[in-house]
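Asker: sharing a model that was predicted from the sequence below.
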Amino acid sequence: MSNRIDYAKVSPEGYKAFGGVYVTVQHGSLPKDLINLVYLRVSQINGCAFCIDMHSRDLLKSGLAVDKLVLVPVWHDAGNVFTPRERAALAWAETVTKVAETGVPDADYQAAAAEFDEKELADLTYAIGLMNAFNRFGIAFRSTPAAVAKG
């Protein structure tokens, strides 16, 4: 795997604009670990190796247990490993990421709205949208994961 282009370098204005959304989300209403968990799940759904590698490392650095990290793709079957709030965020991330398939049904919205207030849900959706965009850049331009660059 090798980079096709360094999109941040050749189009710094666009990258800076996305970076502004990232900073807003990081300083928003939700805990960083919850956001990183959502970033990881969105990246897994989209198959972005660079982002999966990065967000897995971020979660491990923040103290997330490996036992929990490896269950993110199958969180539905992980029992109480994930809190109700984490499960709601992961479910919302999945339905919004798969919008063409799901249409984001009212039941999914109601489940998320039962766990998050309006600002939190808006911030969570910004995070999901942002990561979907970054995944498309990472996949389209073959961003090299840290694990590949090391080896």
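Answerer: Thanks, I have it. Numbers count the residues shown, from 1 in each chain.
Asker: so residue 16 is in which element?
Answerer: Using DSSP states H and E, residue 16 falls within helix 12-26.
Asker: mind giving me the packing neighbours of that helix?
Answerer: helix 7-10, helix 32-46, helix 118-140 (3 or more CB pairs under 8 Å, 6 or more residues apart in numbering; DSSP states H and E). Where C-beta positions appear, they are placed from N, C-alpha and C, glycine not excepted.
Asker: so of these, which one's packed in deepest?
Answerer: helix 32-46 (a mean of 22; mean count of other CB atoms under 10 Å).
Asker: what lies in contact with that one?
Answerer: Here helix 32-46 makes contact (CB atoms under 8 Å, 6 or more residues apart in numbering) with 25-26, 28, 51-52, 55-56, 58-59, 62, 64, 72-73, 75, 85-86, 89-90, 93-94, 97-98, 124, 127-128, 131-132, 135-136, 139.
Asker: need phi/psi at residue 5.
Answerer: The phi/psi pair for residue 5 (degrees, to the nearest 10) reads phi -140, psi 160.
Asker: now the lowest-mean-pLDDT helix or strand in the chain: how far from the chain's centre is it?
Answerer: Lowest by mean pLDDT, DSSP states H and E among the helices and strands of the chain is helix 146-150, with a mean of 81. In terms of CA atoms, centre = their mean, to the nearest Å, the centre of helix 146-150 is found 20 Å from the chain centre.
Asker: mind putting the helices and strands packed on helix 12-26 into a markdown table with distance to residue 110?
Answerer: Formatted as a markdown table, the helices and strands packed on helix 12-26 follow (distance: least, CB to CB, whole Å):
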| stretch | distance to residue 110 |
| --- | --- |
| helix 7-10 | 37 |
| helix 32-46 | 19 |
| helix 118-140 | 11 |
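Asker: worst average pLDDT in those helices?
Answerer: Confidence, taken as mean pLDDT, is least for helix 7-10 of these (a mean of 92).
Asker: show me which of the contacts of helix 32-46 are buried.
Answerer: Listed as buried from those are 25, 28, 51-52, 55-56, 58-59, 64, 72, 75, 86, 89-90, 93-94, 97, 124, 127-128, 131-132, 135, 139; burial here means 16 or more other CB atoms under 10 Å.
Asker: hang on, the earlier thing: which one of the helices and strands packed on helix 12-26 lies nearest to residue 150?
Answerer: Between residue 150 and these, the tightest spacing by CB to CB is seen for helix 118-140, at 17.4 Å.
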